[in-house]
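Q: Below is the sequence, then the predicted model.
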Amino acid sequence: MSVLPIASPVIDHAVAADEADADGHEPCVLLKLGEIVLKGRNRQQFERLLHDNIRRAVRDLGIEVRVWQREGVIVLRVAGSQDGVAQDRATAADAVAERMKYVMGLARVCRAVRVAKDPDAAIDAAVAMAAGCEGSFAVRARRRDKRFPLTSADLAVAIGSKIQQRYGYPVNLSSPDTTVFVEVDQREVFVFTEGWPGQGGLPVGMSGRALVLMSGGIDSPVAAYRMMRRGLRCSFLHFSGMPLTGPESVYKAYGLARQLDRFQSDSRLFVVPFGNAQRALASSGAGRLQIVAQRRLMLKTGAAMARRLRAAALVTGDSLGQVSSQTLTNITALDDAVSLPILRPLIGLDKSEIISEARRIATLAISELPDQDCCSLLTPRQVETRARIEDLRKIEARLDADDLAEELAAAAQEHSPGRP
């Protein structure tokens, strides 16, 4: 895909000469920024990374996209396909808008039309935008350029009158079924309806890199999503029970990573066969400490893998008290295993809240597929809820756990889930 770079992170003056086609109703995508606008002097750094993520999100579509940064909004203009085959701009803009729904850092995604900065052109575009709507309507006009001949209120009234004459829709200014927005910018006018909510948060990569310990369950994918939303670029580490189990959990982890890739692109999944290590822990006399001991070994392996990936933190799906191994005492014992920060974004959520979010980000159906999770292997009848760090260290000393973790990290197989 060919993407034209912007000349400035704030306003692209280089494209000023390319305004001739603004007389038509040019389909485009308008992206509203959220938290980024509060970043003060660092804002341009956030915007540059967001532009990169936007380009990454659409690069496989074969659509030429131009990124314009305006005050508080980003405008995406689209052209035909790269291979020279004519492509309907509206269809291309629809495809780009669909991808933008999953880009972190955007508060709202709107399919807009771009028209000349002329009252008649703005009114015509708004009337056309309202065609086929049902129920009541309202018009919200905003005039960034005060030189425009109509005030915001006058423009809204003129458009509302035309829509009512043309279609007979009732006006409802407090809670309309359809809202038509008109924004007068410095060089053109944008017309759009309400659009879709974006993911919000910060651009992926702004906060650094992290490695997610991802099972095939419900919790860890939600934890990964939450950390992406806070600007972390996440890689995924899955521990399978092989050779003691089949590959089913790997398929699930791959599917989950593939689903989560919508939010960041270029995801990497590493799979560690963990069955023999679990058997060694059981043979070392771990007993009731088996679950906590193997989780410490997973964290040690994760830390070894994180060093290779230059990741600054580990992420887990722990929720305080959700299962017997996630008591405060056991979580403290897990923190002792590694020096890297362990981020637990779900720590205060209950299961119903986690399930609700998993359903919203479309990972729940995959997580509920049957598999033999490695954590279900060699599980003692009773799990220790108040693990002593000294006892865990003795078990690890018998196994040379640090060396074993390095070996497991070295044996990890990498997969590139890509986009669904």
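A: Perfect, I can see it now. Residues are numbered from 1 along each chain as shown.
Q: Next, the buried residues of stretch 234-254.
A: For stretch 234-254, burial by neighbour count (16 or more other C-beta atoms under 10 Å) applies to 234-242, 244-245, 248-250, 252-254. All C-beta spots, glycine's among them, are computed from the backbone N, C-alpha and C.
Q: residues in contact with the residue nearest to residue 191 when sequence neighbours are not counted?
A: Counting by C-beta to C-beta, 6 or more residues apart in numbering, residue 191 lies nearest to residue 125, which is 4.3 Å off, once chain neighbours are set aside. Counting by C-beta atoms under 8 Å, 6 or more residues apart in numbering, residue 125 makes contact with 25, 113, 115, 189, 191.
Q: I'd like to know which of those are part of strands.
A: 113, 115, 189, 191 (DSSP state E).
Q: ok, the third one to residue 141 distance?
A: Think residue 189. Using C-beta to C-beta, to the nearest Å, residue 189 is found at 10 Å from residue 141.
Q: Out of these two, name the residue with the larger neighbour count.
A: Between residue 189 and residue 141, counted using other C-beta atoms under 10 Å, the more crowded position is residue 189 (28 against 25).
Q: Next, work out how far apart that one and residue 255 are.
A: Taken as C-beta to C-beta, the span from residue 189 to residue 255 is 44 Å.
Q: Among the ones in strands among the contacts of residue 125, which pair sits farthest apart?
A: For the ones in strands among the contacts of residue 125, the farthest-apart pair by C-beta to C-beta is 113 and 189; their separation is 8.9 Å.
Q: Name the single longest helix found in this protein.
A: helix 290-309 (DSSP state H).
Q: And the helices in the stretch 1-150 of the chain?
A: Shown for the stretch 1-150 of the chain, the helices assigned by DSSP state H, counting those that start in this stretch span residues 43-58, 89-100, 119-129.
Q: Quick check: nearest residue in space to residue 205, chain neighbours excluded?
A: residue 233 (4.6 Å).
Q: Let me see the contact set for residue 95.
A: Contacts for residue 95 (C-beta under 8 Å, 6+ apart) come out as 58, 61, 63.
Q: sorry, back to before: who does the longest helix of the chain touch, helix- and strand-wise?
A: The helices and strands touching helix 290-309, judged by 3 or more C-beta pairs under 8 Å, 6 or more residues apart in numbering; DSSP states H and E, are strand 208-213, strand 232-240, helix 275-283, strand 314-315, helix 328-335, helix 389-399, helix 401-410.
Q: ok, now with 6 Å
A: Where contact means 3 or more C-beta pairs under 6 Å, 6 or more residues apart in numbering; DSSP states H and E, helix 290-309 is packed against strand 208-213, strand 232-240, helix 275-283, helix 328-335, helix 401-410.
Q: For the most centrally placed residue in the chain, give me the pLDDT.
A: Nearest residue to the geometric centre of the chain (C-alpha atoms, centre = their mean): residue 263, 2.9 Å. pLDDT for residue 263: 97.
Q: And for residue 13?
A: In this model, residue 13 is scored at 34, pLDDT.
Q: Low-confidence ranges, the stretch 301-420 of the chain, go.
A: 373-378, 419-420 (pLDDT under 70).
Q: same thing but 80
A: Along the stretch 301-420 of the chain, the parts satisfying pLDDT under 80 run over 371-382, 418-420.
Q: picking up where we left off before, may I see the helices and strands packed on helix 290-309 arranged in CSV, with distance to residue 366 as well?
A: Listed next are the helices and strands packed on helix 290-309 as CSV, based on distance: least, C-beta to C-beta, whole Å:
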stretch, distance to residue 366
strand 208-213, 15
strand 232-240, 13
helix 275-283, 22
helix 328-335, 26
helix 401-410, 25
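Q: Just name the most buried of those.
A: strand 232-240 (a mean of 26; mean count of other C-beta atoms under 10 Å).
Q: Quick check: what element follows that one along the chain?
A: Later in the chain than strand 232-240, the nearest helix or strand by DSSP states H and E is helix 248-260.
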